[in-house]
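In: got a predicted structure here, sequence first:
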Amino acid sequence: MERQYFDEVYQVVRLIPKGRVTSYGAIAAYLGMRSGARLVGWAMNASHSLSDVPAHRVVNSKGLLTGKFHFKTPTTMQRKLEKEGIVIIEDQIQDFKKVFWDPSKELL
DNA sequence: CACTTGACTTATT
DNA sequence: TAATAAGCCAAGT
């Protein structure tokens, strides 16, 4: 169980500000992986064990809620994001560029 | 033990 | 411009 990247992924996700979202690739890049986005997805899948991991703030590069079906209910993810002020239409985040939070640039 | 799959992304054809 | 291939790590079969 060498989850060397898993823990790092969780920590970054935990640092996502409320009302902002990030992408799997951004997290992967911040961890030094060029294309470890899939691994980030796996980390999210395993994040169900944890309680402090706002996986709903992690979307794909297009701002699409691809992982919403992995939540308790398919609407949980969207509802949580909308509750934080993010507008979503047809599983697509509106003004994605504005709410996008890049750890490598904003977390420093 | 080897192959496939998975909440992805970028590059190439 | 759209479709396909390749690349990455971990876990499941």
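Out: Cool, the structure landed.

In: is there any residue in the helix or strand harbouring residue A:28 that contacts DNA strand C?
Out: Residue A:28 belongs to helix A:24-30 when assigned by DSSP states H and E. No. On the criterion Cβ under 7 Å from any atom of the strand, helix A:24-30 is out of touch with DNA strand C, staying 8.2 Å away. The way it works is simple: take the backbone N, C-alpha and C, and place the C-beta from them, glycine included.

In: who's in contact with the closest residue to DNA strand B within chain A?
Out: Proximity of chain A to DNA strand B (Cβ to the nearest atom of the strand) peaks at residue A:67, 1.8 Å away. Neighbouring residues of residue A:67 by Cβ atoms under 8 Å, 6 or more residues apart in numbering: A:41, A:44, A:55, A:58, A:59, A:77.

In: inside strands: which ones of those?
Out: A:58, A:59 (DSSP state E).
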